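**Q** I would like to see how this sequence folds:
(2 chains)
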Amino acid sequence: MENIEQIRHSLSHIMALAVLEFWPKTKLGMGPAIENGFYYDFQFTKPLEPTDLKKIEAKMQELILQDQKFVKKNITKLAAKKKFKDQPYKLELIKELPGKTVSIYTNGSFTDLCKGPHVKFTKEINPKAFELTKIAGAYWKGNEKNKMLTRIYGFAFATEKELQDYVKMQEEAEKRDHRKLNEKLNLYQISEEIGLGLVTLLPNGAIIADELENWAKETEEKQGYVRVYTPHIASEKAFKISGHVPYYAESMYPPMRMAEKKVGENDVYYIKPMNCAGHHMVYKSKPRSYKELPLRIAEYGAVYRFEQSGELYGMMRVRGPIHQNDAHIFCTEEQAEEEFQKVMDLHKYYYETLGLNEKNYFLSFAIRDPKSKKYVGDKKMWDKAEKIALKFIKKTNIPYKVEAGSAAFYGPKIDFNIKTVTGKVFSASTNQLDFQLPKAFGLKYIDKDGKEKIPVCIHRAPLGAHVRFIAFLTEHYAGNFPVWLAPVQVAVIPISEKHDQYASEITKQLKEYNVRVELKNENETLGKKIREAEMQKIPYLLIVGDKEVEAKTVSVRERGKGDIGARPINSFLDKIKQEIISKK
RNA sequence: GCCGUUUUAGCUUAGUGGUAAAGCAACGGUUUCGUAAACCGUAGACGCAAGUUCGAUUCUUGCAAGCGGCUCCA
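**A** Predicted structure coming up:
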């Protein structure tokens, strides 16, 4: 496996050499190996033509066949500066690297600043096991304030077969893309007329959202949560207290101003990007005693965020409505650990029920970048929050990875992240330990000793936001939703018009038991109706013809399994009800 | 938002400097069928705007949206 990384990394150098042979004035950025291949960032002196990719690829193959040797050398920074005097990005890197010397690698006429390692000879690389795939813009050092360079990506593997298999696998994965599946499943719509990134859940999507929401409500009620409804808009005052203005303002829809009135704080309103302010005000609605804590305030709150247009991605990343499975747990510092553990256990319960395991998600601990100014509150509180959160996260025994600089502006986050079929990472659920907002909102409770204290707040949203979670589940199940979530659970298919009446009786009976059923009695052949139902991914098809009418049964066809035989309707009802209740 | 790329009917695609072809879906009819596509017919489109031209869906420019990345996130 190490070798494949060396091959990929070496290919990026070979690509740089190929590019320089065609356009010697090109400035070089960085060129690492990545999960499926490699890339290199260039600053071209002229725009790249679409055909150039093939041209570079052919040149690379030629260079590989020359069997160039990769030679490593350590040189002083001074010598390096001289060597790379025409490469401003390399000079910048040399300046930042620690130590007095840097390592360079030479292959053919090309030398790059690089810590390696590489293959010894290019003959170790199969010239048919790589391909250049795409051109994209990428900011220098990943910072949008920097210049945008042109990145060329390539796939690379040890053998040609592995490359072909990978490409094929990608094509298969794309079929599971929730945007693609939506064409048949009709879960949602995003239209230019309504607006960019604004999702309409169509009837099928709405059913799934409702099922998830009901499940969350039932579960949370058992665990002592109370439900509230808070306004979708709030005055600027609230967001100044919470810090959203100014720390989060660029992700918020522009404010609404009450023009006819004198403009003061209460004449400016924002659509809420988070539910925090509302829930903090619920806490503040009356004086609180330690006896009331923990106070768990829940709401499937609809928030809107003005995400950059280029970030929008089907139902995975939208501007709204983002119905979050949100709750804020207000508790004492001593209670926080237990409450946090309960939240983690709740995740476990939800995820296990949905058939998710650690292959489907990973935990990340998002802390602040101490150098950045985009965080509210004082350092002491941040250090404390990060320290305690880390302690909690360690106790859960779930592997996690630390991400510096991605905390929320008011506190560290513990995120459950998911990957889309195409490899994009999104956070499905977020959990935060917050010492800032309760203080900012002036929340208090009277403790046993009669003294006022500030509660701690745990922000949590285990089922994330409806649309993102539905998108994730759609891809996870490849559209084959378990019966309890399936928009249509059963299709009743009469073989001919003669059986329509019996079919509608069966349909009616199922409806009485709250099974989501569709009668497919349109004038089509049986084969066609079955095909359509299968493409809609309906879990059960009940086929009724002469035999079934006669014997008072239904022939059951299970999704993906085919005909599983005839049985009396009551027996089928018992089976499906059981599956719905157990969320199988 | 930035870089690249794409845009012909609801979807998938064909094609042209003289306004366009097909399959599926839709609709109407025929057929009454045993486990993934019956048959016949009808209707429906060149993303938007400007320019070049006798004439633009086709060429040019701008804009918009989609897609792939970057940045960013529930």
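
**Q** Mind jotting down where the helices sit in the stretch 351-500 of chain A?
**A** Listed in chain order, the helices of the stretch 351-500 of chain A (DSSP state H, counting those that start in this stretch) span A:379-395, A:436-440, A:466-476, A:500-512.

**Q** Which neighbouring elements make contact with the third one?
**A** It stands for helix A:466-476. Judged by 3 or more CB pairs under 8 Å, 6 or more residues apart in numbering; DSSP states H and E, the packing partners of helix A:466-476 are helix A:178-185, strand A:200-201, helix A:203-222, strand A:322-331, strand A:425-434. For every residue, glycine as well, the C-beta is placed using N, CA and C.

**Q** Contact partners for the residue of the stretch 401-550 of chain A found nearest RNA strand B?
**A** Ranked by CB to the nearest atom of the strand, the top residue of the stretch 401-550 of chain A for proximity to RNA strand B is residue A:545, at 2.5 Å. Residues in contact with residue A:545 (CB atoms under 8 Å, 6 or more residues apart in numbering) are A:494, A:495, A:496, A:499, A:555.

**Q** one more time with 10 Å, if that's ok
**A** A:493, A:494, A:495, A:496, A:498, A:499, A:502, A:503, A:526, A:555 (CB atoms under 10 Å, 6 or more residues apart in numbering).

**Q** ok, and of those, which contact RNA strand B?
**A** With CB under 7 Å from any atom of the strand as the criterion, the contacts of residue A:545 include A:495, A:496, A:498, A:526, A:555 near RNA strand B.

**Q** in which helix or strand would I find the residue of the stretch 51-200 of chain A found nearest RNA strand B?
**A** Distances between the stretch 51-200 of chain A and RNA strand B by CB to the nearest atom of the strand are smallest at residue A:137, namely 2.4 Å. If you go by DSSP states H and E, residue A:137 is part of strand A:130-139.

**Q** for that strand, the distance to its chain's centre please.
**A** 23 Å (CA atoms, centre = their mean, to the nearest Å).

**Q** Check stretch A:170-183 too.
**A** On CA atoms, centre = their mean, the centre of stretch A:170-183 falls 16 Å from the chain's centre.

**Q** for it, which positions count as buried?
**A** For stretch A:170-183, burial by neighbour count (16 or more other CB atoms under 10 Å) applies to A:176, A:177, A:178, A:179, A:180, A:181, A:182.

**Q** which one among the residues you listed gets closest to residue A:349?
**A** Among these, residue A:178 lies closest to residue A:349 (CB to CB), at 24.2 Å.

**Q** wait, what's in contact with the closest one?
**A** Contacts of residue A:178 (CB under 10 Å, 6+ apart): A:185, A:187-188, A:313-316, A:420-421, A:467-468, A:470-476, A:478-479.

**Q** Tell me the buried residues within those residues.
**A** For the contacts of residue A:178, a burial check counting by 16+ other CB under 10 Å picks out A:185, A:187-188, A:313-316, A:420-421, A:467-468, A:470-476, A:479.

**Q** hang on, the earlier thing: mind putting the contacts of residue A:545 in JSON lines, pLDDT included?
**A** Putting the contacts of residue A:545 into JSON lines (pLDDT from 0 to 100) gives the following:
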{"residue": "A:493", "pLDDT": "96"}
{"residue": "A:494", "pLDDT": "95"}
{"residue": "A:495", "pLDDT": "94"}
{"residue": "A:496", "pLDDT": "92"}
{"residue": "A:498", "pLDDT": "92"}
{"residue": "A:499", "pLDDT": "94"}
{"residue": "A:502", "pLDDT": "95"}
{"residue": "A:503", "pLDDT": "95"}
{"residue": "A:526", "pLDDT": "94"}
{"residue": "A:555", "pLDDT": "97"}
